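Enquirer: Okay, structure incoming, though there's no sequence with it:
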C-alpha cells in the first residue's frame, strides 16, 4: 500500500545549522500522526519540506508516491502553516474561493459553505479577515487547508491560537477526517491534544527522531493503585494483567475495593524523557 | 479561470480594495491639472516674448517638446513608483508576512505565480504610463497646438520602461526584504536616469567619455534607454535652429537607441524573468 506521506533519510542544512539529520517518517491513509518536539527541533522544517516550501539537502519525501513539491503531490495536500496570514481585505468566503480556484476545486459555494460550517465560521462568511480574531483566522486557515478535499493534511500548530472550545472543535474535526480516510500529520506543542487524537506519535529533537509509536505503546507501566476502605494501596511492580488477581486477593483478605487504577507514564513524561528534559 | 489569471486578478483586486488605484487616480488627475496649467501659461508667456519670424526658432516646438519631455520624465517616475509599490514585496516580503505560503503550496507552481504577478503589475503600469503620456500629449496639443513628431512609439517605449522596472522589482523581491527592495529599485532607476543625463550632457559638450558611460549604463539598465529613445522621437523630424534650441533645453539631446539596444531590451526582460524564476524556485520559504 502506498503511504499517504513518506519521508526517508531527510536532511536539511541551513548553512552551519543541521535542522534535520536523516528523518524517516510515514503516515498511512486515514492515520493521524502527531509530530512532537521542542522549539527548533526541525518539526516545521519537515512539514515545509513535505509541502514543497523547503528543499531537502538530502533524502526524499513523497505524497502518495509523488515527490514532495511536485504538482501531483500538491494536489493531494492540504496545508496550514504555523505562521500564516490571509489578506485583511478579503472575506472568509473570498479566501476560500481563491483557494478553490488555485486548487482546481469545483466544489463551488456548497463546498465553501460546508467548510465554514465545519470550522464554526458559517455566520462569518462575509466578514473581512482584518475584522476576525486570531482564533477565527486560525479556523479559517483550517478550512482553507481542506479546500479541494485533500487526501493528506499537514497541520502546523493548528490549535495554537484557539481557546479550549475551539480546540475541541478541531479535535472533532480531525476525528472526522480520519474516518474519511484522510492522513494527517499534526505538528503541535499541545501534548494532551496529541495524546487524545493521534494514532501514532513521532518525537523529534535536534533534527532526529528519538521516539515513535502509539501513545499507549510509548508509555511505561508504573504499577496499579487500588482504593480500599483503609485508603489507597499501591503495587508499583504490577501491570495491567495483574489487576484482577490483586483485587481478588484483597477481597479474599476481607478488604472492600472501591476503585482500581492502572498507572502508566503520561505522554508528557514520555516526551520529556525523550527530549532529555526534566519535568521540574 | 487559469491560475495565471486568478493570481493576476487577485493582485489587482488587492490594489483596488486597498485604494491604491484610487490614490493613483486622484494624484494623477492633480498632476495632469497642474501640467495643463503650466503648459497653458508656458505657451502664453513664450509667445509673448518671441516669434518664429524674428529668430528662426519655432517657439511652439521648443516649448511643446520641452514640456512633453518634462511630462515623459514625470510619467516614467510615476510609473516607476507604481511598479515598485505593486511588486516590492511579492516574494520575500509576502513570505515574511505569511501571505505567500498558503498560495504557493497550491498546484500552480512558483514560475506561474511569478509570471502572473508580473503580468498583473506589468499590465497596470504599462497601461497607466501610456494613458498618462497620451493625456499629456493631448494637453500640450490643446494648450499650444503642438504635437510630437512621433506619437505612438514614445508612449509604448515609456510603457515598456515601466514594465522592465516591474520585472526588476520582482527579481529584487526574491532576494530582498520589502524596504530594501524598494530602495534598491529606486536607486537603479536613479542610476539609469543619471546615465541618460550624462549622455545628454555628453552630446551637448561632445564628450566621448560621458557618451561611453551613458552607453554602458543604457545596456546595463535599458529602461532609461527606452525613455531616451522616446524622448528623442518626439522631435525626431525637427531640424535647424529649432532643433538646436530644443537640444539646449533640459530634455533635449536625448539618445536614440539603435536596433541592437532595443533587441537587447527584450533579451534583458527575458533574462530578468528567468533569473527571478530560477531564484524563486530554489528559495526556501
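Expert: Noted; the coordinates are in hand. In this text the structure is predicted, and so the values were computed from the model without any measurement.

Enquirer: any idea how far the nearest residue to residue A:223 once chain neighbours are set aside lies from chain B?
Expert: Of all residues not flanking residue A:223 in the chain, residue A:236 sits nearest, at 4.0 Å (C-beta to C-beta, 6 or more residues apart in numbering or on different chains). Every residue, glycine included, has its C-beta placed from N, CA and C. According to C-beta to the nearest C-beta, to the nearest Å, residue A:236 stands 49 Å off from chain B.

Enquirer: any idea of the pLDDT on residue A:236?
Expert: Residue A:236 is assigned 90 on the pLDDT scale.

Enquirer: again, but for residue B:1
Expert: Residue B:1 is given a pLDDT of 67.

Enquirer: same thing with the one 5 residues further on?
Expert: Among the per-residue scores, residue B:6 holds a pLDDT of 92.

Enquirer: same thing with the one 5 residues further on?
Expert: Per-residue confidence for residue B:11 comes out at a pLDDT of 88.

Enquirer: and the spatially most central residue of chain A, what are its bridge partners?
Expert: For chain A, the residue nearest the mean C-alpha position is residue A:186 (2.4 Å; C-alpha atoms, centre = their mean). Assessed by DSSP bridges, residue A:186 has beta-bridge partners residue A:34, residue A:155.

Enquirer: could you measure it against chain B, distance?
Expert: From residue A:186 over to chain B the distance is 17 Å, taken as C-beta to the nearest C-beta.

Enquirer: Same check on residue A:194?
Expert: Where chain B is concerned, residue A:194 sits at a distance of 23 Å (C-beta to the nearest C-beta).

Enquirer: Tell me, how many residues neighbour that residue?
Expert: Neighbour count for residue A:194, taken as other C-beta atoms under 10 Å in any protein chain shown: 22.

Enquirer: So it is in contact with residue A:201, correct?
Expert: Yes. Look at residue A:194 against residue A:201 with C-beta atoms under 8 Å: they come within range, at 6.1 Å.

Enquirer: Pull up the overlap in contacts between the two.
Expert: Common contacts of residue A:194 and residue A:201 (C-beta atoms under 8 Å, 6 or more residues apart in numbering or on different chains): A:34, A:36, A:215, A:267.

Enquirer: give me every residue that touches the second one.
Expert: Residue A:36 is in contact with A:43, A:188-189, A:191, A:194, A:201-204, A:271, counting by C-beta under 8 Å, 6+ apart.

Enquirer: Select from those the one having the most neighbours.
Expert: residue A:43 (28 neighbours).

Enquirer: Can you give me the pLDDT of that residue?
Expert: Reading off the model, residue A:43 has pLDDT 92.

Enquirer: pLDDT averaged over stretch B:180-187 - what is it?
Expert: For stretch B:180-187, mean pLDDT is 95.

Enquirer: Show residues contacting that stretch.
Expert: Contacts for stretch B:180-187 (C-beta under 8 Å, 6+ apart): B:80, B:83-85, B:88-89, B:92-93, B:165, B:168-169, B:172-173, B:175-176.

Enquirer: So for it, what gets flagged as buried?
Expert: B:181-182, B:184-186 (16 or more other C-beta atoms under 10 Å in any protein chain shown).

Enquirer: Next: stretch A:47-64.
Expert: Applying 16+ other C-beta under 10 Å to stretch A:47-64 flags A:47-54, A:56, A:59, A:61-64 as buried.

Enquirer: If we check chain B, which of these are in contact?
Expert: Among these, proximity to chain B is found for A:48, A:51-54 (C-beta under 8 Å from any C-beta of the partner chain).

Enquirer: quick check, nearest of those residues to residue B:73?
Expert: Of all those, residue A:53 has the smallest distance to residue B:73: 42.4 Å, by C-beta to C-beta.

Enquirer: Let me know whether the closest one touches residue B:285 as I believe.
Expert: Yes. Judged on C-beta under 8 Å, residue A:53 makes contact with residue B:285 at a distance of 4.4 Å.

Enquirer: Please see if the helix or strand residue B:60 falls within touches chain A.
Expert: Secondary-structure assignment from DSSP states H and E places residue B:60 in helix B:59-87. No. Applying C-beta under 8 Å from any C-beta, one finds helix B:59-87 separated from chain A by no less than 14.4 Å.

Enquirer: Around residue 12, how many other residues sit close by?
Expert: Just so you know, I chose chain A. For residue A:12, the neighbour count with other C-beta under 10 Å is 23.

Enquirer: switch to chain B, that's the one I care about
Expert: Using other C-beta under 10 Å, residue B:12 has 17 other residues around it.

Enquirer: before we move on, which element is it in?
Expert: Applying DSSP H and E, one finds residue B:12 within helix B:3-17.

Enquirer: any idea of the angle the next helix or strand after that helix forms with helix B:59-87?
Expert: Where DSSP H and E defines the elements, the next helix or strand beyond helix B:3-17 is helix B:20-49. Relative orientation of helix B:20-49 and helix B:59-87, computed by axes from the mean of the first three to the mean of the last three C-alpha atoms, to 10 degrees: 170 degrees.

Enquirer: Distance-wise, check residue A:84 relative to chain B.
Expert: 4 Å.

Enquirer: Next, the contact list for the residue nearest to the centre of chain A, please.
Expert: Contacts of residue A:186 by C-beta under 8 Å, 6+ apart are A:32-35, A:155, A:158, A:174, A:194, A:197-198.

Enquirer: Pipe these into a markdown table and attach pLDDT per row.
Expert: Shown next, in a markdown table, are the contacts of residue A:186 (pLDDT from 0 to 100):
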| residue | pLDDT |
| --- | --- |
| A:32 | 93 |
| A:33 | 94 |
| A:34 | 93 |
| A:35 | 93 |
| A:155 | 93 |
| A:158 | 86 |
| A:174 | 87 |
| A:194 | 85 |
| A:197 | 87 |
| A:198 | 90 |
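
Enquirer: quick one: which of those residues is nearest residue B:31?
Expert: Using C-beta to C-beta, residue A:158 comes nearest to residue B:31 of these, at 48.9 Å.

Enquirer: That closest one falls within a strand, correct?
Expert: No. Residue A:158 sits outside any strand when classified using DSSP: H, G, I helix; E, B strand; the rest coil, being coil.
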